[in-house]
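Colleague: Sequence below, structure please.
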Amino acid sequence: DHKVGQDSHPEHRYREIEEWVRKRFPMAQSVVYQWSGEVLEPSDGLAFLGKNPLDDNNVYVITGDSGNGMTHCMLGAMIVSDQIMGRDNPWSAIYSPSRKVFHGISAFISETANTLAQYSDWIKSGEVVSAEDIQA
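Modeller: Numbering: from 1, shown residues only. Prediction:
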């Protein structure tokens, strides 16, 4: 795991994963594709599954998987389909995207400060004085 955009040379991560795979699966062939995914870590450790409180009643989310996407996609599908069908679901409240999260609030504040710090370049002066200094 790594924070998005906070590694100036992230290529080593692909190499490390490939080395791990080749140790365990020597028959692996060439690497055809590489990708990186972002993981949302909710401060209370639970996914957000169900009606999105910031949208109309027909918008649902399954997010905040903390790397447990296969588990949460199944649980989220059960919760969302029950909500669409108007059925009660015993897990709706605990995973509700509109729940009030207090557990882990200090980690949330710390991570939010870290995220905001990444935008500091936007308020610093630029590398040129005027637009005329930029080459065509």
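Colleague: Show me which helix or strand of the chain is least confident by mean pLDDT.
Modeller: In the chain, no helix or strand scores lower on mean pLDDT, DSSP states H and E than helix 105-117, which sits at a mean of 83.
Colleague: Go ahead and name everything in contact with that one.
Modeller: 3, 41, 43, 101 (C-beta atoms under 8 Å, 6 or more residues apart in numbering). Where you see a C-beta, it was placed from the backbone N, CA and C, and this is true even at glycine.
Colleague: try stretch 46-61
Modeller: Contacts with stretch 46-61, where a contact means C-beta under 8 Å, 6+ apart, come from 42, 62-66, 68, 72, 75-76, 79-80, 83-84, 91-92, 94-98.
Colleague: how about a cut-off of 10 Å?
Modeller: 40, 42, 62-66, 68-69, 71-73, 75-84, 89, 91-99, 101, 103 (C-beta atoms under 10 Å, 6 or more residues apart in numbering).
Colleague: what packs against the longest helix along the chain?
Modeller: When the chain is scanned for its longest helix (criterion: DSSP state H), the result is helix 69-85. The elements that helix 69-85 packs onto, with contact taken as 3 or more C-beta pairs under 10 Å, 6 or more residues apart in numbering; DSSP states H and E, are strand 48-51, strand 60-63.
Colleague: Go through it and flag the buried ones.
Modeller: Of the residues in helix 69-85, those buried by neighbour count under the rule 16 or more other C-beta atoms under 10 Å are 72, 75, 76, 79, 80, 82, 83.
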